[in-house]
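*Asks:* what's the 3D shape of this:
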Amino acid sequence: MIAPSILPGEWRVRPARAADLPAVLELAKLTGGGFTNLPQDEGALARRLAWSDASFARQATAPENELYLLLLEEVATGRIGGTGMVFSRVGAEWPFYSYKISSLTQTSKELDRTLRIEFLSLTSDFDGASEVGGLFLHPDLRTGGLGRLLARARYLFIAQHRARFGDRVIAELRGVMDADGNSPFWDALGAKFFGISFPEADKFNAVHGNQFIADLMPRHPVYTNLLSDEARAAIGQPHATGRAALAMLLAEGFAFDNYVDIFDGGPTVNARIDDLKSIRGAREAEVAALADAIDAPPQLVATGTLHGFQAFLSPLADEGRSLPAAIAQPLGIAPGTRIRHVDC
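*Replies:* The predicted structure follows:
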């Protein structure tokens, strides 16, 4: 459940705007390495905001190459506390590469030995899927359930705009890195072919995309026995700061099917969109009245579409047809507003 320390209506999730660039840049500076969805580059961030704004403005009827950038905002002050992203279709400009972990068993009768060999194969199995990513919360706000509010708001956004997304959705998690931002997986594999450090490859990918992987990465399977012990131990493991995010994804219905990131070896999880807990359990209602107070557990509520989308916590009554006026009015919600809501 979302922790009760979050006051209902205190924070909301809304679309990013161009004017949010300074606040988003300040958040990006806090991410550390390996967070390519939120590059520490003002120009790259400005392009992402422009891409997001154009995506919100487009009247889409099918998945295209779109990015929707959502922000966590304190309602009373306008403070920006976090980011979350939804990509409508990966692999639209160039293939979306992953490593698939597979194994091969071989037996020698003469030696009386059976060997199970693990290897990594370069795949683009997720081309055409949607993606949730870019989940980052200011370090001062990582208690009380705000990360869960931000993460689940993305699923209600998908539900509000279902035609814009595919049948499947993926999420990539940052892999294991040391205190200096170096990746043991990259050092043992990618660096051997590209001749650059992980921070350099990470920055290039964040700003220019990963087409250079398609140009230079070898196509043959990689036997993990040839990698260092440190690199092998990192395969499929999330960064220490991403363990809570992985737990939320698994609770939502995502599964790890042995796909990992080609840069740092972090896990890639996937699910059928319509099977996600927040989408499957959501209900729709039309607000009929605003109440002085409602004595009920808060629910996750979403209203509006595209630039008008917002998500927040609020207690509801009468199966979603009544909200507290103190929460609804600052958010512009009045009788007649359509909402989508799901239990916390």
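*Asks:* use CA for all of it now, contacts and neighbours both
*Replies:* OK.
*Asks:* what about T123, neighbour count?
*Replies:* Counted with other Cα atoms under 10 Å, the neighbours of T123 add up to 16.
*Asks:* cool, and the one 4 residues further on?
*Replies:* Residue crowding around D127 was assessed by other Cα under 10 Å; the count is 15.
*Asks:* now do H307
*Replies:* Neighbours around H307, by other Cα under 10 Å: 15.
*Asks:* repeat that for A16.
*Replies:* 25.
*Asks:* repeat that for the one 5 residues further on.
*Replies:* Using other Cα under 10 Å, L21 has 17 neighbouring residues.
*Asks:* in this structure, what secondary structure element scores lowest on mean pLDDT?
*Replies:* helix 211-216 (a mean of 66; mean pLDDT, DSSP states H and E).
*Asks:* and the next helix or strand after that helix, what does it pack onto?
*Replies:* Later in the chain than helix 211-216, the nearest helix or strand by DSSP states H and E is strand 222-223. Applying 3 or more Cα pairs under 8 Å, 6 or more residues apart in numbering; DSSP states H and E, one finds that strand 222-223 contacts strand 113-123.
*Asks:* next structured bit after the strand it packs on?
*Replies:* Downstream of strand 113-123 (by DSSP H and E), the next one is strand 130-137.
*Asks:* gap between that next one and the chain center?
*Replies:* Taking Cα atoms, centre = their mean, to the nearest Å, one finds the center of strand 130-137 at 2 Å from the center of the full chain.
*Asks:* OK, contacts around G175?
*Replies:* By Cα atoms under 8 Å, 6 or more residues apart in numbering, the contact set of G175 is 34, 183, 234-239, 261, 264-267.
*Asks:* with secondary structure and pLDDT added, can I get the residues you listed in TSV?
*Replies:* Shown next, in TSV, are the contacts of G175 (DSSP: H, G, I helix; E, B strand; the rest coil; pLDDT from 0 to 100):
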residue	secondary structure	pLDDT
G34	coil	63
S183	coil	92
A234	helix	96
I235	coil	97
G236	coil	97
Q237	coil	96
P238	strand	95
H239	coil	92
D261	coil	91
D264	coil	91
G265	coil	94
G266	coil	95
P267	strand	97
